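Need coordinates for the below:
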Amino acid sequence: MDAEEAVRELRRLARPCDLEVPARYGIFGKEILGVRTPDLVALAKRLGKDHSLALGLWRTGIYEARHLAVLVDEPDRVTEAQMERWVKDFDSWAICDGACLHLFDRTRFAYDKALEWSSRDEEYVKRAGFVLMAVLSVHDKKAADSVFLGYLPVILRESTDERKYVKKGVNWALRQIGKRNQRLNEAAIGAALKMSRVDSKAARWITSDALRELRSDAVRRRLESKRPAKRPGRRPSS
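You can find the predicted model right below:
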């Protein structure tokens, strides 16, 4: 399919009765068709990976077409310029998170963009920076702790942003980094405690919510289970 044919298929799958669902979750856009997520994912599997198709779908501006673009694009062919164009088009938290979760985190620019976008003023661009931090901490099992330790001062710096989707992104990044391993858990808790001393409503909310999870029994047990088992000491020869 080309983009035009894919949009026709999306319109065929649309259920007008589902149109109120996005609005219920604070999702608005230029045009929303009302396609259910399972149908969208099934269509993406049928289409397979196709960079040119993804570019065409994104240009339509249709909410579901952009989600489909994220699912079918090829991370290795995504350019930095494309990421900059797309991030400026983000008009909802759902498109922002979908792009970071399913595409941007797999590109070679992900780590740089996490830092760069976290300093930008636009609400969804800044959120994208922190969503990338959160997603990379989960998806990239081989990354060094030093990468995520370097994100903590940025998280602390931006914890005073009162905008709903930014503060939720900051909170998400802090919690996910703190659940990666024991060392990062301790570092994230330390950052949260510093945050608690900041005179900001947003920072206090982030601190309270993050510490509740990072200090929970469930997280503590999971991190303990990931620790390498200690080898028994060698018995001295007689």
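
Show me the shaky parts of the protein.
17-26, 28-29, 228-238 (pLDDT under 70).

According to the record, where do the domains of it fall?
Domains of the chain are assigned by automatic domain parsing as 1-107, 109-226.

Could you export these to a markdown table, including columns for mean neighbour count?
C-beta: built from backbone N, CA, C; applies to glycine. Formatted as a markdown table, those follow (neighbours: other Cβ atoms under 10 Å):
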| stretch | mean neighbour count |
| --- | --- |
| domain 1-107 | 17 |
| domain 109-226 | 18 |
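
center of this protein, which residue is that?
The C-alpha lying nearest the average C-alpha coordinate of the chain belongs to residue 131 (Cα atoms, centre = their mean; 3.2 Å).

what's the distance between the helix or strand hosting that one and the middle of its chain?
Residue 131 is part of helix 123-139, with elements assigned from DSSP states H and E. Chain-centre distance of helix 123-139: 4 Å, with Cα atoms, centre = their mean, to the nearest Å.

Over to stretch 79-93?
The answer for stretch 79-93 is 14 Å, by Cα atoms, centre = their mean.

With just CA atoms, put it into PDB.
Only the C-alpha atoms of stretch 79-93 are listed here, as PDB (Å, rounded to 0.1, in the frame of the first residue of the first chain):
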ATOM      1  CA  THR A  79      17.300  10.900  10.100                       C
ATOM      2  CA  GLU A  80      17.900  13.600  12.700                       C
ATOM      3  CA  ALA A  81      16.000  16.000  10.500                       C
ATOM      4  CA  GLN A  82      13.000  13.700  10.300                       C
ATOM      5  CA  MET A  83      12.900  13.500  14.100                       C
ATOM      6  CA  GLU A  84      13.000  17.300  14.400                       C
ATOM      7  CA  ARG A  85      10.200  17.700  11.900                       C
ATOM      8  CA  TRP A  86       8.000  15.100  13.600                       C
ATOM      9  CA  VAL A  87       8.600  16.200  17.200                       C
ATOM     10  CA  LYS A  88       7.500  19.700  16.200                       C
ATOM     11  CA  ASP A  89       4.200  18.100  15.000                       C
ATOM     12  CA  PHE A  90       3.400  16.500  18.300                       C
ATOM     13  CA  ASP A  91      -0.100  17.600  19.400                       C
ATOM     14  CA  SER A  92      -0.900  15.100  22.100                       C
ATOM     15  CA  TRP A  93       0.900  13.000  24.700                       C
END
